[in-house]
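**Student:** Next come a sequence and a model predicted from it.
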Protein chains: 2
Amino acid sequence: MHANRRPDKMKLGAFFHPTGHHVAAWMHPGSQIDAGTNFQHYVSLAQTAEAGKFDLMFLADSLSVREAPLDALSRWPQYTAYFEPITLLSGIAANTKHLGLVATASTSYNAPYNVARSYASLDHISGGRAGWNVVTSGGASVAANFDNVSYPHDDRYDRAVEFAEVVRGLWDSWDDDAFVRDRESGRYFDPAKVHTLDHVGVHFSVKGPLNAARPPQGHPVLFQAGGSPPGRELAARLCEAVFTPLHTLDAAQSFYSDVKARMERYGRRPDQLKIMPGLNPVVGRTRQEALDKHQYLQSLIHPDVGLELLSNALGGYDLSGCDPDGPLPDELDSMHTEGGQTQFRNVLGWARNEKLTIRQLYERFAGARGQRTVIGTGEEIADQMQSWFESYGVDGYLIQPPYLPGGLDEFVADVIPVLQDRGLFRTEYEGSTLRENLGLDRPKSRYARSV
Amino acid sequence: MHANRRPDKMKLGAFFHPTGHHVAAWMHPGSQIDAGTNFQHYVSLAQTAEAGKFDLMFLADSLSVREAPLDALSRWPQYTAYFEPITLLSGIAANTKHLGLVATASTSYNAPYNVARSYASLDHISGGRAGWNVVTSGGASVAANFDNVSYPHDDRYDRAVEFAEVVRGLWDSWDDDAFVRDRESGRYFDPAKVHTLDHVGVHFSVKGPLNAARPPQGHPVLFQAGGSPPGRELAARLCEAVFTPLHTLDAAQSFYSDVKARMERYGRRPDQLKIMPGLNPVVGRTRQEALDKHQYLQSLIHPDVGLELLSNALGGYDLSGCDPDGPLPDELDSMHTEGGQTQFRNVLGWARNEKLTIRQLYERFAGARGQRTVIGTGEEIADQMQSWFESYGVDGYLIQPPYLPGGLDEFVADVIPVLQDRGLFRTEYEGSTLRENLGLDRPKSRYARSV
């Protein structure tokens, strides 16, 4: 099934949480403590990532302040107060030249016309470097900020598919060569090269055309996280990169072949979707230094934060009355969650298979937060990355440094050169757009005439 | 009624349509022909405006491609394809230091939580230079892009007031000093300094808190255009700058005192709202050169565009069958329009009072597009600006150069220095935020304790 030639180089994104991915990042002296309001911090991060030849930077998002007991909330800044991703990436576009800029936006609490415009605009501002991480958004705290509108899990994915199709249709409103701008004839555009979408669907009714020229990339690159069956189907149908958490090579290989196989029914080639799960590197000059670094970060976790985090990963299950040195309550095994199902099953799986206590579980989870952690020297981390890549478990990774900017600096200094020396990662950008660097085709307009 | 001390200097904004304000701007050799997709064009404009010490740059917006016969549409690029304002201004923030950045966003086709976030984010990115032009949006072409949702005129304003109140409430979610970021105590913020809005109103239900720190300005500056009674009331209640078209000094003075008088019932001082109508300068080294420039621009107008433009200004009334050298049809006098009422009455007033033909009317309108045009040397234009300012007709102007970048370059070179020499305009920025430069108070949080 891997008859398709695959590029010999992996793809790397830099996934930036404000102070870093580790739950205690802000407590670490190597993190920028006011990251959530410090624009220059992000500019520096982006420039470091670009110096390291990363394909892209990636920003997660949420549409509410994290729901948590106030005490735990006040001890961990994640999803409390930070930049809105599209505005932030538009600012960064002006300070970078090559780095892809991928922002998260919800299909449940935005209008397709507005999303199509914002990403088209970011793509024009950045000269073809925009990406959209499609999320469906769930949860009561979000709904409460939007007139209490909410959708059940499967309906959210159904809406997401239609939403993304509308957005892609709107991006094709103007042919690439529609704007002739001819002062001689007095024509700014060719009237035959503008198209009205006239979409009337189950969830949306959108006429078009979009009031933006076709993006330089044709379509900004579509990212997606979810690993649930409707999430995989959305990815196979529409997306060009997925970053579902994958913890064992077996699981990664199975996910990899499943998603790529699903693409065929949509007439897509496997190389047109990149599997790039999250990876949390803790880099040391020696293995012991890396282990010490990790242990130091773990020691900074406040227990209230640990419990809150674990509770979130378990669909909001209230653990406050539980003995931290006991097991997870039995009733979790039969619980149903809305959203975040992959994560729920992963965490529960660790607890049961490895017989972990609540404390052991939250300590593991607090560092990695549902993703995979690798701890070691640059060589050792590169080994891990290479092994999964060469075994068709992944096409690349979203690197989530534990604290920022320090953790990114270390990765760029100690891991990237090893990957480059092994011929596994670029030393120069291949193209000028995100799509070109990721090795993705530029989509033809749906209105293009076949030759 | 002018007992309140008023600043002795006028305020100036630069209102940028992509190729310029004049309907034939793109046909002029001094305009940047690909302005709608040329980010560097806007960066240069912003930097020129900043060199000229403008308070701000201003971007209008629409949520659909302009509705017009395709032939006319293809001959005038306004509202066909261009940057989305918030992304564009976020990009420009990184390339400027002092210039205020005012973007239009609709209260009819956005959620208050999303608008509050975007402008808070822009305010953080720019270090306190964001402004929000509050528009209600109407028209069938916009509704068609948003599931055919539309609201009657008065309801739109009612929603706008509630929307803006919610947005302002969300901006106060975190006290200015909420983020203590104290590694010693492990507290990122003080739990007593975050507030839940819990808004349940007629049109919106929004819990909060906003997931963004309080903006550097407290609240980004609120702009508003409408001159209709509900528009005036919205301005008096919530806004800090208005730019309703004003064509005679009498009308300006009457509008000025009316709006400022309305502020009292909301407990606001008159100096906390700036009246800054649009002004279209055509600058020449001699009066004759300016007149020739204007005449040249007028000569570039295609008749299809002229008719379309006039029809738009008259609430979409179809003029295609009318004799261009005859008067406007009588039935217009008794027509009722949704939105744009001020403009409708202005245009109809010119036609009747001055007995203009359709052609004369569209030629006048094509240049000014509902705003005031002044033609002359730098000294002459400064005279006009000074006279209205000193007669309490205005607090300043939104300058709309007829073509860009040329028209802005000329204004900065020939008019600004005259205003500065006369002590009517700053030679250095007074502060570092838009609010400080406009002389507006920084709003206290609604949760601030009185001392």
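**Tutor:** The structure has been received and is ready for your questions.
**Student:** pretty sure A:Trp26 is in a helix, no?
**Tutor:** Yes: A:Trp26: assigned to a helix according to DSSP: H, G, I helix; E, B strand; the rest coil.
**Student:** What sits closest to it if chain neighbours are left out?
**Tutor:** Using C-beta to C-beta, 6 or more residues apart in numbering or on different chains and skipping residues adjacent in sequence, the residue nearest A:Trp26 is A:Thr19, 4.1 Å away. Yep, even glycine has a C-beta here, placed from its N, CA and C like the rest.
**Student:** any idea which helix or strand carries the one you found?
**Tutor:** Secondary structure from DSSP states H and E places A:Thr19 outside every helix and strand.
**Student:** what's the neighbour count on it?
**Tutor:** Neighbours of A:Thr19 under the rule other C-beta atoms under 10 Å in any protein chain shown: 30.
**Student:** Now it. Its backbone dihedrals?
**Tutor:** Phi and psi for A:Thr19, reported as degrees, to the nearest 10, are phi -90, psi -10.
**Student:** my guess is it contacts A:Tyr403, does it?
**Tutor:** Yes: assessed by C-beta atoms under 8 Å, A:Thr19 is found in contact with A:Tyr403 at 6.5 Å.
**Student:** Show me whatever sits in contact with both of these two.
**Tutor:** Residues touching both A:Thr19 and A:Tyr403 (C-beta atoms under 8 Å, 6 or more residues apart in numbering or on different chains) are A:25, A:28, A:31.
**Student:** give me phi/psi at the last one?
**Tutor:** Dihedral pair for A:Ser31: phi -110, psi 150, per degrees, to the nearest 10.
**Student:** Please report how far it lies from B:Ala68.
**Tutor:** According to C-beta to C-beta, to the nearest Å, A:Ser31 stands 53 Å off from B:Ala68.
**Student:** which stretches of chain A form strands?
**Tutor:** For chain A, the strands defined by DSSP state E occupy A:11-15, A:56-59, A:100-106, A:130-135, A:199-200, A:205-206, A:221-224, A:241-242, A:274-275, A:278-283, A:372-376, A:396-399.
**Student:** Mind checking those strands for the one nearest to chain B?
**Tutor:** Checking the strands of chain A against chain B by C-beta to the nearest C-beta gives strand A:205-206 as the closest, at 4.7 Å.
**Student:** How far away from the center of its chain is that closest one?
**Tutor:** Centroid separation between strand A:205-206 and its chain, computed with C-alpha atoms, centre = their mean, to the nearest Å, is 28 Å.
**Student:** Stretch A:337-351 now?
**Tutor:** On C-alpha atoms, centre = their mean, the centre of stretch A:337-351 falls 18 Å from that of its chain.
**Student:** just to revisit the earlier point, adding pLDDT and distance to chain B, write the shared contacts of A:Thr19 and A:Tyr403 out as TSV.
**Tutor:** Shown next, in TSV, are these (pLDDT from 0 to 100; distance: C-beta to the nearest C-beta, whole Å):
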residue	pLDDT	distance to chain B
A:Ala25	95	11
A:His28	96	9
A:Ser31	97	10
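**Student:** hang on, A:His294 packs against A:Val374?
**Tutor:** No: using C-beta under 8 Å, A:His294 makes no contact with A:Val374, being 10.2 Å away.
**Student:** Can you work out which residues contact both of those two?
**Tutor:** Counting by C-beta under 8 Å, 6+ apart, the residues touching both A:His294 and A:Val374 are A:Val282.
**Student:** where does the stretch 251-400 of chain A have low pLDDT?
**Tutor:** Along the stretch 251-400 of chain A, segments meeting pLDDT under 70 span A:338-340, A:367-370.
**Student:** where does it come near chain B, residue by residue?
**Tutor:** With C-beta under 8 Å from any C-beta of the partner chain as the criterion, the stretch 251-400 of chain A meets chain B at residues A:His302.
**Student:** Any idea how many residues pack against the closest residue to chain B within the stretch 251-400 of chain A?
**Tutor:** As assessed by C-beta to the nearest C-beta, chain B sits closest to A:His302 within the stretch 251-400 of chain A, at 5.4 Å. Residues near A:His302, counting by other C-beta under 10 Å, number 19.
**Student:** what do you get for A:Ser432?
**Tutor:** Neighbourhood size, A:Ser432 [other C-beta under 10 Å]: 14.
**Student:** which residues does it contact?
**Tutor:** By C-beta under 8 Å, 6+ apart, A:Ser432 lies in contact with A:98, A:127-128.
**Student:** For the residues you listed, pick the one with the most neighbours.
**Tutor:** Within the contacts of A:Ser432, neighbour counts (other C-beta under 10 Å) peak at A:His98, which reaches 22 neighbours.
**Student:** Enumerate every residue touching that residue.
**Tutor:** By C-beta under 8 Å, 6+ apart, A:His98 lies in contact with A:50, A:53, A:129, A:429, A:432, A:437.
**Student:** what's near enough to touch the first one?
**Tutor:** Spelled out, it's A:Glu50. The contact partners of A:Glu50, by C-beta under 8 Å, 6+ apart, come to A:96-99.
**Student:** Which pLDDT value belongs to the closest residue to it other than its chain neighbours?
**Tutor:** Nearest residue to A:Glu50 in three dimensions, chain neighbours excluded: A:Leu99, at 4.4 Å (C-beta to C-beta, 6+ apart). pLDDT, A:Leu99: 98.
**Student:** separation between A:Leu99 and B:Ser121?
**Tutor:** Distance of A:Leu99 to B:Ser121, given as C-beta to C-beta: 19 Å.
**Student:** Between the two, tell me which one has more neighbours.
**Tutor:** The neighbour count for A:Leu99 versus B:Ser121, taken as other C-beta under 10 Å, is higher for A:Leu99 (30 against 27).
**Student:** Confirm for me that that one is in contact with A:Phe58.
**Tutor:** No: counting by C-beta under 8 Å, A:Leu99 does not reach A:Phe58; the two are 10.5 Å apart.
**Student:** Farthest-apart pair in the contacts of A:Glu50, please.
**Tutor:** Greatest spatial distance among the contacts of A:Glu50 (C-beta to C-beta): A:Lys97 and A:Leu99, at 7.6 Å.
**Student:** max-length helix in chain A?
**Tutor:** When chain A is parsed with DSSP state H, its longest helix is helix A:153-171.
**Student:** Check whether that helix comes into contact with chain B.
**Tutor:** No: judged by C-beta under 8 Å from any C-beta, helix A:153-171 and chain B are separated, with a smallest distance of 8.7 Å.
**Student:** A:Val161 contacts A:Leu238, doesn't it?
**Tutor:** Yes: applying C-beta under 8 Å, one finds A:Val161 in contact with A:Leu238, separated by 6.8 Å.
**Student:** if I look at the nearest residue to A:Tyr119 once chain neighbours are set aside, how far off is A:Ala130?
**Tutor:** In space, not counting the residues next to it along the chain, A:Tyr119 is nearest to A:Pro220; the distance is 4.6 Å by C-beta to C-beta, 6+ apart. To A:Ala130, A:Pro220 is 4 Å away according to C-beta to C-beta.
**Student:** ditto for A:Gln295
**Tutor:** Counting by C-beta to C-beta, the separation of A:Gln295 from A:Ala130 is 39 Å.
**Student:** More neighbours: those two, which one.
**Tutor:** Neighbours per residue, other C-beta under 10 Å: of A:Gln295 and A:Ala130, the larger number sits with A:Ala130, 33 against 12.
**Student:** before we move on, back to that, list the contacts of the residue of the stretch 251-400 of chain A closest to chain B.
**Tutor:** Counting by C-beta under 8 Å, 6+ apart, A:His302 makes contact with A:24, A:72, A:75-76, B:186.
**Student:** Out of the residues you listed, give me the two with the largest separation.
**Tutor:** Within those, two members stand farthest from each other by C-beta to C-beta: A:Ala24 and A:Ala72, at 12.5 Å.
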